[in-house]
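# Predicted model, plus sequence, below.
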Amino acid sequence: MESEAEERGQTEQLGFVIDMLVAMIGTTGDAFIHQQSRQLDDLGKQQQNLVEEVAFAMALADQQMVGLPAISRKPFIRYQSVLLHLRMVAETIQGLAQVLRQQISEGIPFSDKAINHTRLILERQAKILNTFAEPVRSGDGKSLQEIARGCRALERACLQFATSHESRLVEGLCLPKAAPIFLALIDRAQTLIHHELESVKLLSRWI
């Protein structure tokens with residue numbers, strides 16, 4: 001079993017990683033709102049810092065598991081699984097940012113509806129990631145349920161946005177050049193939601 005000090009250390013580490021994710025999605029959202037691709041230049045460094053933090057935390061958990069029976073390793077393995085999903089969230093945010101970098105750098109115009117949908121996705125993602133820190137630091141499992149509901153609501157919205165966009169494209173209301181970029185953005189958002197929901201499942205067994 002984990003000691004209180006080990007559990008507290010894991011909680012602090014997860015909170016720190018989540019704060020880094022919040023900063024990454026914030027950077028991405030600001031770049032889109034202001035249509036300034038240079039604001040994304042620091043994102044790679046932010047991601048690398050997060051990857052290094054996750055690697056450190058994973059290695060520390062490996063050390064703490066040495067000599068423990070299989071049943072006592074389960075909390076550490078669950079913790080590592082959460083870290084891996086959070087690392088994938090960071091990679092996906094970077095992928096989403098690269099999609100937006102293309103839109104911004106090439107000056108590809110989005111329709112007003114696509115702009116509003118993109119802003120909504122980024123704002124809700126920022127809210128979801130911000131909320132993640134609460135249950136981790138407080139141990140409040142009810143907050144996890146709220147996060148899951150928020151993820152599923154955004155998942156449904158993404159499907160609606162994609163369907164609506166495809167219909168507008170067929171009707172000639174959307175530029176063909178913008179379509180693959182917007183749909184790629186939706187795809188990245190759905191991947192983010194997948195990893196967030198998986199993190200919720202793992203944390204619900206821990207908190």
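Perfect, thanks for sending it.
# now the farthest one out in this protein, which residue is it?
Using C-alpha atoms, centre = their mean, the residue of the chain lying farthest from its centre is Gly67. It sits 34.0 Å away.
# and that one, what pLDDT?
We have a pLDDT of 90 for Gly67.
# Dihedrals phi and psi, it?
phi 80, psi 0 (degrees, to the nearest 10).
# Find the centremost residue of the protein, please.
Val89 (3.9 Å).
# Measure how buried the nearest residue to that residue once chain neighbours are set aside is and give me the count.
Of all residues not flanking Val89 in the chain, His195 sits nearest, at 4.9 Å (C-beta to C-beta, 6 or more residues apart in numbering). C-betas here are computed from N, CA, C, even on glycine. Neighbour count for His195, taken as other C-beta atoms under 10 Å: 19.
# Touching, His195 and Ala90? I think so.
No - counting by C-beta atoms under 8 Å, Ala90 is not a contact partner of His195; they are 9.5 Å apart.
# Check which element follows the longest helix anywhere in the chain along the chain.
When the chain is parsed with DSSP state H, its longest helix is helix 70-105. Downstream of helix 70-105, the first helix or strand assigned by DSSP states H and E is helix 112-138.
# What is that next one packed up against?
When contacts are defined as 3 or more C-beta pairs under 8 Å, 6 or more residues apart in numbering; DSSP states H and E, helix 112-138 packs onto helix 4-34, helix 141-170, helix 179-204.
# residues of the helix or strand of the chain with the lowest mean pLDDT that come out buried?
Least confident helix or strand, the chain: helix 141-170 with a mean of 86, by mean pLDDT, DSSP states H and E. Under the neighbour-count criterion of 16 or more other C-beta atoms under 10 Å, helix 141-170 has 143-144, 147-148, 150-151, 154-155, 157-158, 161-162, 165, 168-169 buried.
# swap in stretch 99-117?
99-101, 103-104, 110, 114, 117.
# and if you look at stretch 15-23?
Quick answer for stretch 15-23 (16+ other C-beta under 10 Å): 17-18, 20-23.
# possible to save the residues you listed as a markdown table with distance to Pro135 and pLDDT?
Output for the buried residues of stretch 15-23, formatted as a markdown table (distance: C-beta to C-beta, whole Å; pLDDT from 0 to 100):
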| residue | distance to Pro135 | pLDDT |
| --- | --- | --- |
| Val17 | 14 | 95 |
| Ile18 | 10 | 94 |
| Met20 | 17 | 96 |
| Leu21 | 15 | 96 |
| Val22 | 15 | 95 |
| Ala23 | 19 | 96 |
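# With distance to Asn130 added, can I get those residues in CSV?
Putting the buried residues of stretch 15-23 into CSV (distance: C-beta to C-beta, whole Å) gives the following:
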residue, distance to Asn130
Val17, 13
Ile18, 8
Met20, 12
Leu21, 9
Val22, 6
Ala23, 11
